[in-house]
Every structure is written in structure tokens, then in C-alpha cells.
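Undergrad: below are the sequence and a predicted model; questions follow.
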Amino acid sequence: MGPASGICFNRRFPAATQSVPPERTAPARATHEETRMRNRRLPMPPRHAVALLPALLLCGWAHAGEGAGIDVVDTHIDAPTLLQSRWADLGASAPDREFDYPRARAGGLAVAFMSIYTSAEQDRSGTATRIAHAQIDAVEALAARHPDRFALLRSPRDVARLRAGGRVLLPLGMENAAPIGDDLSLLRTFHDRGIRYVTLAHGAANRFADSSYDIEKRWGGLSPLGRRAVVEMNRLGIMVDVSHLSDDAAAQAIELSRAPVIASHSSFRGLTPGFERNIGDELARRVAEGGGVVQVTFGTNFVEPAGAANLQALYRARNDFNQRNARREAEGLPPEDRAAFEAEWRRTHPRVSATIDAVLDHIDYGVKLLGVDHVGIGSDFDGVGGNLPQGLRSVADYPALLDGLRARGYAEADIARIAGGNLLRVWADVEDAAD
Ligand SMILES: [Zn+2]
């Protein structure tokens, strides 16, 4: 009996050992619609059935990893962007990355949300849609090259079946709704390709929402298009992600969404005062009250106050830089050099360092604020230029984080919830709330 097996008989999930819902024996190629039809035939209320799901999944998969015995769901890994700029075969050892198959196995990573990220610049230049498609192509190619090591994941109900043999499962999250453009029908197109959450904005206000990093609050929260996007995401069963949003945009998305929302990679502002990119206590409470989850992110600049202050200042300075260049362009002057600006910033703002305790502090903070059912992990591996705490530098290192929780007195069942059970529960709730 491994450490997580206790969850199978936990009194929170008393029926888990008595009946096996149909999805556990689903045919391999069940469609989303078929899955939902089966759910309707469950001999219990849907909410109850969904409450069982994490326990069932954890029973089936808790021992498949080679790490600490509890498998991990990580909602934010930026591998696809790097595949575009510097290809590597992530099915084998890729030492210049933070995610590859051997280390995912060593770290007990079971479900790795691949971030389909596009920038504000790509949005402005009209290239975001095709870049998103190309990144998804790259993830599909990775899974096709190693069908024994990876599988795309479309539903939390498929985890146990697809995990067989130790596969690492790859659902997709879209960071920045820019690829949708003005055409909300593309939400269905990308849902069909495997996108299961969308972060409405990234580093700047876009046509959907204001950004935490952007001084200009163009919409005062969500735009009319952004509101329609939330409704459509609910309808399709795509999780609404409030990471990166301005406070007003996040509050409006939480209020509007009829399904639970997530913060896919946000730490807690209570520990990094003034850093809007991390989630504030009041918004975090609203996420939890709606049944959602805050996925703590690992980057040093998100967990250490000095790093957070630097990052906030960097985005302000970039805003100013962009505005200066827009003015210069309007006046017919040559633009200032972006690379020189970035190099000067790095020279004058040396990296802040952190230890794994900083991440543990954020998890502790979240659990005290929201309860253990509303905190998870979204590392941002491969997305923060290696600026990560000591001891938490790649997907091989989750066991150290889980050991840190044990050392702080967390029960195994609670660690399993934080490591992934909570996110799978929310994802299943969002699926069930879809039309
Ligand atoms: Zn991000």
C-alpha cells in the first residue's frame, strides 16, 4: 500500500469502493458527447459523482510514478514555446529543458498541461492563431512519436486508462486568448484540438480582457467580447483561467462563469504585496467559493517579494518603452532598440534567489486562506528562464515539494489533493457544467 492509497477509503468518498461509474470502463475512443451521456445515466446525482472522481482517479494512478508515490497534475508547463524556437525530443533526456519524459517519470508527473502561449506582440502582428496551431502540432507530434510515453488528454475521466504503462498525459491550456481573435467559433476549433483552459489575457490588455501587467486598463475588466468568450467557454467545457488578468477582469470572469474557474499559475499576493500578477485574498476566496482552485506557481519572481517587485517594475518599464516607441513611430523616428532595453534591465536588476520553502509558504498560505480543496500547482517550468527556487528546478523535483509538505505536517490525502486531485475535480465539474 503506497502512501496515497488511504484516499481510496477516505470517508469523504465513501461510495468509491462500492460502485465503479461507467467512465472507468469507457471504450477507448469515447467522444466528449458520449462521456456526457454516460454521466447522465450515473445512478447518483452528478455533483456526488463528480465528488468521487478525484478519489477514483487517484486510486488508479497514485502508484504509477516512480517518485514519491503521489502523482502530480501541473497546470502550466511552457514546453511548446521552446519546441518552436529550439526543437528537442522531449521523449528522451533534454537537459536544457525543465520538462522531458525521463524527469517527468522520476518526479511523478502524471498530467502536464502544455501551455499554448502567444504574446501581445504576436497578437498585434496577427500571427497568434497560426502560432497556436503550430504549437499544438508540436505537442501532437511529440505524443505520436512516443505513443508508449505520452498521450494527449481530453478529459479527466480518461486519466486512469491512458496512464497505463506510465504514460505522461498532455492536456492543453491556451495562455492568452489572442489566437481566438474576433471569431469565437475558434474556441470550438481549439477545444476540438484539446485546449481545456484559456487564460483570457497575458502581458497586455487584449480584445478580451485587461492584464495585471498592463498599466492601461482598457476595458475596466472584461470587454464585451471577453464576456461572450466566458459564456462560450462554459458552454464548451473549457476552464476559465484568471491568471494574468487584472483584478477587475478576474472578478468579472468569476462572477460571470457558471462553472468553477481556475488560476492556472498564480501565487498569493498576500506574500508579495503590490504584485497584481499574484492573486489577492478576496479574489482567491471568490475562486474557492465557486468551487475553483488556485494553482501555485514556482517562479522565484512570483514567490519572493523582491523578485515580484522587480517583475512588476519590468512590466511597467516595458509598457513605457512600448509607448515611447509608438510615439516615435507616429513622429517618423526610428524605434529604440528592444534588445538593448532588455539587456540594460537585466544588468541593473540581478536575479533574486529563493528556496523551495518560498513555494511551500505560498501553498500553506493558500490552504489557510481557502482550505485544502482549493490549492494546487502550476509550475511555469520552461516559462521563467530558469529563474526558479533552489531544489525546484525541473519536473524531476516535485517529490521534494511533496516531502516539504509532509515535513510541515500535511496528511497524505491532503497532499494528493494539492498535487492534482483538486484540479481534476474542478476540470470534471467544468465538463459537467458544459451544454
Ligand atoms: Zn504566464
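TA: Cool, the structure landed.
Undergrad: which residues does residue 389 contact?
TA: Applying Cβ atoms under 8 Å, 6 or more residues apart in numbering, we find residue 389 in contact with 298, 300, 303, 353-359. In this view, the C-beta of every residue, glycine as well, is placed from N, C-alpha and C.
Undergrad: show me where the stretch 1-150 of the chain dips below the pLDDT cut-off.
TA: 1-68 (pLDDT under 70).
Undergrad: distance between the top strand by length along the chain and the chain's centre?
TA: Identified as the longest strand of the chain according to DSSP state E is strand 109-117. Taking Cα atoms, centre = their mean, to the nearest Å, the mean C-alpha location of strand 109-117 is offset from the chain mean by 7 Å.
Undergrad: quick one: the strands in the stretch 1-150 of the chain, in order.
TA: For the stretch 1-150 of the chain, applying DSSP state E, counting those that start in this stretch gives strands covering 72-77, 109-117, 150-152.
Undergrad: can you tell me the helix or strand for residue 383?
TA: Using DSSP states H and E, residue 383 falls within no helix or strand.
Undergrad: ok, residues contacting the strand or helix carrying residue 346?
TA: Element membership for residue 346, per DSSP H and E: helix 338-348. Helix 338-348 has contacts (Cβ under 8 Å, 6+ apart) with 314, 317-318, 321.
Undergrad: now do 6 Å
TA: residue 321 (Cβ atoms under 6 Å, 6 or more residues apart in numbering).
Undergrad: longest helix in the chain, please.
TA: For the chain, the longest helix by residue count, based on DSSP state H, is helix 305-330.
Undergrad: can you check what angle separates it from helix 338-348?
TA: When axes from the mean of the first three to the mean of the last three Cα atoms, to 10 degrees is applied, the directions of helix 305-330 and helix 338-348 differ by 150 degrees.
Undergrad: buried sites along helix 305-330?
TA: For helix 305-330, the neighbour count (16 or more other Cβ atoms under 10 Å) marks 307-312, 314-315, 318-319, 321-322, 325 as buried.
Undergrad: any chance you could map the helices in the stretch 201-350 of the chain?
TA: 224-236, 247-256, 281-289, 300-303, 305-330, 338-348 (DSSP state H, counting those that start in this stretch).
Undergrad: how about residue 193, phi and psi?
TA: phi -90, psi -10 (degrees, to the nearest 10).
Undergrad: what's the spacing between the closest residue to it other than its chain neighbours and residue 81?
TA: In space, and not counting its chain neighbours, residue 193 is closest to residue 136: 5.1 Å by Cβ to Cβ, 6 or more residues apart in numbering. Counting by Cβ to Cβ, to the nearest Å, the separation of residue 136 from residue 81 is 12 Å.
Undergrad: tell me the contacts of residue 151?
TA: Contact analysis of residue 151 by Cβ under 6 Å, 6+ apart lists 143, 162, 167, 169.
Undergrad: what are the bridge partners for it, then?
TA: Note on residue 151: beta-bridge partners by DSSP bridges are residue 169.
Undergrad: could you report the pLDDT at residue 214?
TA: Note for residue 214: predicted pLDDT of 89.
Undergrad: which residues touch it?
TA: With Cβ under 6 Å, 6+ apart, residue 214 has these contacts: 204-205.
Undergrad: now it: how far from residue 387?
TA: 21 Å.
Undergrad: one more: residue 126?
TA: To residue 387, residue 126 is 30 Å away according to Cβ to Cβ.
Undergrad: these two: who's more crowded?
TA: Neighbours were counted for residue 126 and for residue 387 using other Cβ atoms under 10 Å; residue 387 has more, 19 against 10.
Undergrad: okay, and that one sits in which element?
TA: Assigned by DSSP H and E, residue 387 falls outside every helix and strand.
Undergrad: what's the closest non-adjacent residue to it?
TA: Once flanking residues are discounted, residue 387 sits nearest to residue 300: 4.9 Å by Cβ to Cβ, 6+ apart.
Undergrad: my guess is the one you found contacts residue 354, does it?
TA: Yes. Using Cβ atoms under 6 Å, residue 300 is in contact with residue 354, at 4.4 Å.
Undergrad: is it correct that residue 257 is in contact with residue 240?
TA: Yes. Taking Cβ under 6 Å as the definition, residue 257 is a contact partner of residue 240 at 4.8 Å.
Undergrad: quick check: neighbours shared by the two?
TA: residue 230.
Undergrad: more crowded one of the two?
TA: Counted by other Cβ under 10 Å, residue 257 and residue 240 do not tie: residue 240 has more neighbours, with 27 against 20.
Undergrad: that one bridge partners, please.
TA: Beta-bridge partners, per DSSP bridges, of residue 240: residue 198.
Undergrad: tell me which residues touch it, please.
TA: By Cβ under 6 Å, 6+ apart, the residues touching residue 240 are 230, 233, 253, 257, 261.
Undergrad: now the first one. Nearest residue, chain neighbours left out?
TA: Put plainly, it is residue 230. residue 256 (4.9 Å).
Undergrad: the one you found and residue 190: what is the separation?
TA: From residue 256 to residue 190 the distance is 20 Å (Cβ to Cβ).
Undergrad: now residue 257
TA: 18 Å.
Undergrad: what does residue 84 give?
TA: On the measure of Cβ to Cβ, residue 84 and residue 190 end up 17 Å apart.
Undergrad: residues near the nearest residue to residue 373 once chain neighbours are set aside, how many?
TA: Counting by Cβ to Cβ, 6+ apart, residue 373 lies nearest to residue 422, which is 5.8 Å off, once chain neighbours are set aside. Per other Cβ under 10 Å, the neighbour tally for residue 422 reads 26.
Undergrad: does residue 422 really touch residue 292, like I thought?
TA: No. Judged on Cβ under 6 Å, residue 422 makes no contact with residue 292 at a distance of 9.2 Å.
Undergrad: next up, the contacts around residue 81.
TA: Residues near residue 81 by Cβ under 6 Å, 6+ apart: residue 117.
Undergrad: report pLDDT for residue 322.
TA: Per-residue pLDDT puts residue 322 at 89.
Undergrad: pick out whichever of residue 84 and residue 190 has more residues nearby.
TA: It is residue 190, of residue 84 and residue 190, that has more neighbours when counted by other Cβ under 10 Å, with 23 against 13.
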